[in-house]
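S.K.: Dropping a prediction and its sequence here:
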Amino acid sequence: MTAPLASAPSPTTLTPGTRAPAPRARTGLKRGNKLAFLAPAAIFLALFSVYPLITLVRMSMSAVNAATLNGDWVFTGLENFRTGFASGETTQALWRTGLFVVVVTVVGMAGGLAAAIALRTTGRWSGVVLAVMVFVWALPPVVNGSVWKFLLGDAGLINTIILKTGLTDTAIPFLYDQHWALASVAFVNSWSVIPFNALVFRAALMGIAPETFEAAALDGANKWQEIRHIMIPAARPTTLVLFVLTVVFAFRSFDLIYVMTYGGPGTATNTLPFLGYLQAFVRYDFGLGSATSVFTVLFVIVLAVVYARSIRREESES
Amino acid sequence: MSILTSGLRRTAPRPARRLTAALSLAVVGSLALAACGSSADDSAASADTLTVWHYFSDANQVKIMTDYADMFEASHDGVTVENVFVPYDQMNSKLISAAGAKTGPDVVVFNGADAGTLALGGALAPLDEQWDAFADKDQFPDSVVHTIDDTTYAVQGYVNLLGLWYNADILDEIGVEAPTTIDELEAAMAAAKDAGYAGMTLSGLPQSQGEWQAFPWLSTEGFTYDAPDAGALEAGLTRVRSWVENGYLTQEAVTWDQTVPFQKFAAGGVAFAQNGNWQMGTAASDADFEYGVVPLPLGADGQVYLGGEGEGIGAFSKNPDLAWEYLAETYYSADGQLVAVNNVGSLPSRADAGQDEAVTGNALLQPFSETIARFGANYPASVIPAAAVADVQLTVGQAWSAAIGGQKSPADAATSAVSTLDGLLKK
């Protein structure tokens, strides 16, 4: 690490308007260093991302069950994909996943922005609320799911409040009616992503110069106009990145469904990730489960490309 | 218990395949099991440590494991028994993936119905040599010995089954006797509801636990796996749905595993609970009312699974001899089986232990013994191919849950399930 520094030309030897000659030896060394720094990550990714993904695709095109998992895999082409669609399970799971993603994304993004606006100011209470949000964000999903399962039960806090206040005569079937159950797990997923979104949105809002708000106040802008004409435009570059991350988060969501409904009632909350789990780890049809997981991977890859492009654009604009 | 495995080809495992399989599972798992990790250690035990994987979370059931560990450690100086909890839903996949990596526990305590899946997955070591040489093997009925392709892989140290628990205080209050027929049960639930109590608790979870709870009510309508009939299945599902619609059973049961409904029963305010003999310890510790058990009030065709945990040796145990000694001195010994009787009320699988005063003198165990004689059925049904057991259980469990939860009408749930079962049972 000391060699490049030692060979670097002193700033005092450069005169304004002249360009320092390109040090060939140093450039070569830097390239070598770059490769050396890149290698661990590249090897890690190749071992733990690329190779398993290739194997996943291979498994999705093979007949693999508990008996053959550790033996030879017979190539079956697209049979697993055909089986998934022919049974109707994959199609239904795709629709449920789409609905789930829409709810989580809309509620998660709107909630995150609203929380960021509310917590934009610095102070003791916003600090306390932010700390609580970070705590919520850091909670393991299984804990989140268990707590919400308790809260949403017939005898849980939410139904107790609803019944005591006379809003309804009977408990709301949050987790055991097919429509409510999907909405409930989507809501809890949204709730768990709001803290992260709020923190990122807040960072964007904190970058707005105070003078902008002072000028708006002098012009007589009210709070809503400040939000609409100052804060939302300021958060716009962050929004696309956060949107992609939220969609990915929603798309691969599994834990809360596992804990809160186990895909039920019946199959009402079987989204793609949970269906893949059932097929691979409950039915031990690893080929079929892999085929379902490949769909998830494809969607996530598309979103990852969008994410990478938006990040690059944001960096170039800044 | 013979489990059919014809048509399944087994090939010699190769290291590359195992690595591939393990990594594949990691990918599928990372997509599906984002945060469902557990504390299970995949590495087999050291020379002085015996690792036992189990899925018990109930305090009384955990105490059996602790008592067995204490028993074995007391008679084997320097040996440590390490009981490792693995969530029920993850037990099989963890065992199979561990076997792919040539590792795993010394002793496995698993759902007996999954013996075929685990044996086919290479997670269990053959027990033929030890079992054939075991002096007390004649004490065990064939129904608790898990044999696949003429190879013994596990034996059950006890039998668990379902009965109908009742709250005697509530029955006294509403003036009814413990039911002996379905009509009497439904009349009693109606009376309990009118008196402000819940009628029944059971599990409607859309997986194997749901299927286990459903089978008595489905079989009493004539449903079997020998020739699955949509009409019989629909009749069974219609009955349980009517319990929901009449207010005897909460629809919330679709979110309950078998532990929760018994906790609800033990808390009071519920007339009946369909649950097992293993809840005896929980009833004694949690219920502050008089309670009793009767056989499930089924018809002539009714069947109740004879379940329980199978105990076997991990395929890659580093201490297979010590593991066998552990099994022989705990689960398979008369004294060991009485530990399970006293802690949770499990019925011993040994004939001599079954004649012990702890069993014959226990009034709560008698209805379960009577159930074995009247309704006892192999679990899983022997007609189900080993490779299809998990699929069959999930299919019927989902139909049961869909009917209770109102996701599908009983007719639709039955038609859909039988269509799937027809394919699975031909595997």
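M.R.: Received the coordinates, thanks.
S.K.: could you pull out the strands for the stretch 1-150 of chain A?
M.R.: Secondary structure of the stretch 1-150 of chain A (DSSP state E, counting those that start in this stretch): strands located at A:62-63, A:74-75.
S.K.: residues of the strand or helix carrying B:Val62 that come out buried?
M.R.: Taking DSSP states H and E as the criterion, B:Val62 maps to helix B:59-75. Residues of helix B:59-75 classed as buried: B:60-61, B:63-65, B:67-69, B:71-72 (neighbour count, 16 or more other CB atoms under 10 Å in any protein chain shown). For every residue, glycine as well, the C-beta is placed using N, CA and C.
S.K.: For my notes, please list these in JSON lines and give pLDDT for each entry.
M.R.: As requested, the buried residues of helix B:59-75 are exported to JSON lines (pLDDT from 0 to 100):
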{"residue": "B:Asn60", "pLDDT": "87"}
{"residue": "B:Gln61", "pLDDT": "89"}
{"residue": "B:Lys63", "pLDDT": "94"}
{"residue": "B:Ile64", "pLDDT": "95"}
{"residue": "B:Met65", "pLDDT": "96"}
{"residue": "B:Asp67", "pLDDT": "97"}
{"residue": "B:Tyr68", "pLDDT": "97"}
{"residue": "B:Ala69", "pLDDT": "97"}
{"residue": "B:Met71", "pLDDT": "96"}
{"residue": "B:Phe72", "pLDDT": "97"}
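S.K.: Kindly indicate which of these lies nearest chain A.
M.R.: B:Gln61 (20.0 Å; CB to the nearest CB).
S.K.: For the nearest residue to that closest one once chain neighbours are set aside, give me its contacts.
M.R.: Once flanking residues are discounted, B:Gln61 sits nearest to B:Val344: 5.7 Å by CB to CB, 6 or more residues apart in numbering or on different chains. If you count contacts by CB atoms under 8 Å, 6 or more residues apart in numbering or on different chains, B:Val344 has them with B:58, B:60-61, B:64, B:277-281.
S.K.: switch to 10 Å and redo it
M.R.: The neighbourhood of B:Val344, defined by CB atoms under 10 Å, 6 or more residues apart in numbering or on different chains, consists of B:56, B:58-61, B:63-64, B:158, B:160, B:276-282, B:284.
S.K.: Can you go through those and name the buried ones?
M.R.: Among the contacts of B:Val344, those classed as buried by 16+ other CB under 10 Å are B:56, B:58, B:60-61, B:63-64, B:158, B:160, B:276-282.
S.K.: Pick the one among these closest to chain A.
M.R.: Nearest to chain A among the buried ones among the contacts of B:Val344, with distances taken as CB to the nearest CB, is B:Asp58, at 16.6 Å.
S.K.: Can you give me every residue that contacts the closest one?
M.R.: Per CB under 10 Å, 6+ apart, neighbours of B:Asp58: B:64, B:258-259, B:262-263, B:278-279, B:281-282, B:343-344.
S.K.: Is it possible to get TSV of these that adds secondary structure?
M.R.: Shown next, in TSV, are the contacts of B:Asp58 (DSSP: H, G, I helix; E, B strand; the rest coil):
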residue	secondary structure
B:Ile64	helix
B:Gln258	coil
B:Thr259	helix
B:Phe262	helix
B:Gln263	helix
B:Trp278	helix
B:Gln279	helix
B:Gly281	helix
B:Thr282	helix
B:Asn343	helix
B:Val344	helix
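S.K.: quick one: pLDDT of A:Pro21?
M.R.: If you check A:Pro21, the pLDDT there is 50.
S.K.: helix or strand for the closest residue to A:Gly266 other than its chain neighbours, which one?
M.R.: Nearest residue to A:Gly266, sequence neighbours excluded (CB to CB, 6+ apart): B:Ala402, at 2.7 Å. Take DSSP H and E as the rule and B:Ala402 turns out to sit in helix B:389-405.
S.K.: hmm, back to that, how about the contacts of B:Asp58, which pair is most distant?
M.R.: Spatially, the most separated pair among those is B:Ile64 and B:Gln263, at 19.0 Å (CB to CB).
S.K.: if I look at the residue of the stretch 251-400 of chain B found nearest chain A, how far off is A:Val104?
M.R.: Among the residues of the stretch 251-400 of chain B, B:Val254 lies closest to chain A, at 4.2 Å counting by CB to the nearest CB. Noted for B:Val254: a distance of 23 Å to A:Val104, by CB to CB, to the nearest Å.
S.K.: Looking only at neighbour counts, state which of these two leads.
M.R.: A count of neighbours by other CB atoms under 10 Å in any protein chain shown puts B:Val254 above the other of B:Val254 and A:Val104, at 32 against 25.
S.K.: My read is that that one contacts B:Gln213, right?
M.R.: No: in this structure, B:Val254 is not within contact of B:Gln213 by CB atoms under 10 Å, at 11.4 Å.
S.K.: near chain A at all, stretch B:368-384?
M.R.: No: Stretch B:368-384 stays clear of chain A (CB under 10 Å from any CB of the partner chain), getting no nearer than 13.2 Å.
S.K.: show me the contacts for B:Ser203.
M.R.: B:Ser203 makes contact with B:209-214, B:253-262, B:274-275, B:397, B:400-401, B:404, according to CB under 10 Å, 6+ apart.
S.K.: Just the pLDDT at it, thanks.
M.R.: 97.
S.K.: Need the phi and psi values for it.
M.R.: Torsion angles at B:Ser203 (phi, psi; degrees, to the nearest 10) stand at phi -100, psi 130.
S.K.: now swap in B:Leu202 and tell me
M.R.: phi -160, psi 180.
S.K.: excluding its backbone neighbours, what's nearest it?
M.R.: Setting aside the residues directly before and after it, B:Leu202 is nearest to B:Gln274 in space (CB to CB, 6+ apart), at 4.2 Å.
S.K.: Got phi/psi on that neighbour?
M.R.: With angles defined as degrees, to the nearest 10, B:Gln274 sits at phi -90, psi 110.
S.K.: burial count for the closest residue to chain A within chain B?
M.R.: Per CB to the nearest CB, B:Gly405 is where chain B lies closest to chain A, at 2.3 Å. Applying other CB under 10 Å, we find 29 residues neighbouring B:Gly405.
S.K.: just B:Ala168 next, same as before
M.R.: By the criterion of other CB under 10 Å, B:Ala168 has 13 neighbours.
S.K.: Make sure it is actually in contact with B:Ala283.
M.R.: No: assessed by CB under 10 Å, B:Ala168 is found out of contact with B:Ala283, at 11.6 Å.
S.K.: what's the burial count for B:Asn362?
M.R.: Using other CB under 10 Å: B:Asn362 sits among 18 other residues.
S.K.: go on, A:Thr212?
M.R.: Neighbours of A:Thr212 under the rule other CB under 10 Å: 14.
S.K.: ok, now A:Ser60?
M.R.: Using other CB under 10 Å, A:Ser60 has 27 neighbouring residues.
S.K.: what's the distance between it and A:Leu78?
M.R.: In this view, A:Ser60 and A:Leu78 are 9 Å apart by CB to CB.
S.K.: likewise A:Phe196?
M.R.: Applying CB to CB, the value for A:Phe196 to A:Leu78 is 37 Å.
S.K.: doesn't A:Ala268 make contact with the residue nearest to A:Gly266?
M.R.: Yes: when contacts are counted by CB under 10 Å, B:Ala402 is listed as touching A:Ala268 (7.8 Å).
S.K.: what about A:Phe281, which SS state?
M.R.: Put simply, A:Phe281 is helix when judged by three-state DSSP.
S.K.: Spatially nearest residue to it (excluding sequence neighbours)?
M.R.: Of all residues beyond its chain neighbours, the one nearest A:Phe281 is B:Ser93 (4.3 Å), with distances taken as CB to CB, 6+ apart.
S.K.: So which elements touch the strand or helix carrying the one you found?
M.R.: Per DSSP H and E, B:Ser93 falls inside helix B:88-100. Packing partners of helix B:88-100 (3 or more CB pairs under 10 Å, 6 or more residues apart in numbering or on different chains; DSSP states H and E): helix B:15-32, strand B:49-54, strand B:107-111, helix B:115-120, helix B:208-219.
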